[in-house]
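>>> Below are the sequence and a predicted model for it; my questions follow.
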Amino acid sequence: MTDLFQEPEDARPLEPQEREGLLQTWITHRRDLNEAEEENIVDGAAWALGRRRLPLERMLSEDFMRMLHKRMFGDVWQCAGTFRAT
């Protein structure tokens, strides 16, 4: 049975450390983050599909993967396309 007074998980406000590196100031709750990332991922996937004629070894390269990550998360996170430090 569910608690009628409990908010859904995606309604939870983001903690300050979860908001570090966000580019969009309107993102304050988990559902906001999910929405922004989803939109950005769709754009990144469309970009990748346009490159499907590239040789497989090029698509599996580190440079391509970093560019894809930037395309998929670059409108949301400052660190998109880079390796995490933590």
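Yep, that arrived.

>>> C-alpha from now on. contacts and neighbour counts both.
Noted.

>>> how about low-confidence regions in this protein?
1-10, 86 (pLDDT under 70).

>>> what ranges do the helices span in it?
Using DSSP state H, the helices of the chain run over residues 16-19, 30-49, 56-59, 62-73.

>>> nearest residue to residue 48 other than its sequence neighbours?
Leaving out its chain neighbours, the residue that sits closest to residue 48 by C-alpha to C-alpha, 6 or more residues apart in numbering is residue 68, at 6.9 Å.

>>> quick one on the thing from earlier: ranking the helices of the chain by burial, who's on top?
Mean neighbour count, computed with mean count of other C-alpha atoms under 10 Å, is highest for helix 62-73 among these, reaching a mean of 18.

>>> hmm, who's touching that helix?
Applying C-alpha atoms under 8 Å, 6 or more residues apart in numbering, the set of residues contacting helix 62-73 from outside is 37, 40-45, 47-48, 58-59, 80-82.
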